[in-house]
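**Q** got a structure for you, letters missing:
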Ligand code: F6R
């Protein structure tokens, strides 16, 4: 796992966007897994800037989002589909046919979850998966206790997640109780996992993600088992790590091979 600690949110976002840009330059039809939430907004802003500056072309990029609230149509202003349109897709030249955000309003969720997995397989799997981390250590909406080999499924959100996400809704009661999410096992199949985290509130889950035991109680910790995981943090999110000096040293002294 590579740990990159940046001074602040802006630098963290720039670093994440640069990694994504380099991957697209290397593979123009990159399969890009995307996350919603506050954390990647700066990364998406930087990707839009890069697109406007002619530094990157999204016309062949294929995207798969991690999750969506059950019960919210894509037109709802708190749906993750809507979020992605507003924060990224409308600012870049992505082909709408290449966008995949799980639907929160299907009749047969079991069949739909399998279909979503099959669509990912059809394009050869996710190349780079952008991730945030929840206050309870979740990736996607894989809450504490989720099997570390789980596949795309419908899950019940924890009270902590509902509380955390209520900041986007008028009242707490409006936050959906269920979500459809890629499973931990699905996420682990991405060729490169890129997790971003900022702020003091993330310091505890980040310390388990990087230095704690691998546990389904903090599903992000399974990334310790991923062959290519990059974690980009700001100083606040990194503040509870024991080996900060080494991570900085290793980043500044990378082997030239
Ligand atoms: C969102 C997602 C979640 C968030 C996490 C952090 O698609 O999968 O795991 O990444 O809840 O959310 P923020 O960034 O709002 O703190």
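**A** Done, it's in. Not measured: the values here are computed from a predicted model. Numbering: from 1, shown residues only.

**Q** going by C-alpha atoms from here, please, whenever you check contacts or count neighbours.
**A** Noted.

**Q** which parts of the stretch 51-200 of the chain are helices?
**A** Under the criterion DSSP state H, counting those that start in this stretch, the stretch 51-200 of the chain contains helices at 80-87, 109-122, 159-165, 184-188.

**Q** buried ones in the third one, by neighbour count?
**A** Of the residues in helix 159-165, 161-162, 165 count as buried by neighbour count, 16 or more other CA atoms under 10 Å.

**Q** now stretch 74-92
**A** 74, 78-84, 87-89, 91-92.

**Q** kindly report the same for stretch 197-213.
**A** 197-199, 202-210.

**Q** work out for me the element residue 4 sits within.
**A** Counting by DSSP states H and E, the element that carries residue 4 is strand 2-6.

**Q** show me what that strand is packed against.
**A** strand 229-234, helix 244-252 (3 or more CA pairs under 8 Å, 6 or more residues apart in numbering; DSSP states H and E).

**Q** closest one to residue 183 among these?
**A** Residue 183 sits nearest to strand 229-234 of all these, at 16.7 Å, using CA to CA.

**Q** and that closest one with strand 2-6, angle?
**A** Taking axes from the mean of the first three to the mean of the last three CA atoms, to 10 degrees, one finds strand 229-234 and strand 2-6 inclined to each other by 20 degrees.

**Q** just checking, what packs against strand 229-234?
**A** Checking 3+ CA pairs under 8 Å, 6+ apart, strand 229-234 ends up next to strand 2-6, helix 9-26, strand 192-197.

**Q** thinking again about what came up before, now pLDDT and distance to residue 107 too, for the buried residues of helix 159-165, in JSON lines please.
**A** Supplementary listing: the buried residues of helix 159-165 in JSON lines, determined by pLDDT from 0 to 100; distance: CA to CA, whole Å:
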{"residue": "161", "pLDDT": "93", "distance to residue 107": "25"}
{"residue": "162", "pLDDT": "95", "distance to residue 107": "24"}
{"residue": "165", "pLDDT": "92", "distance to residue 107": "25"}
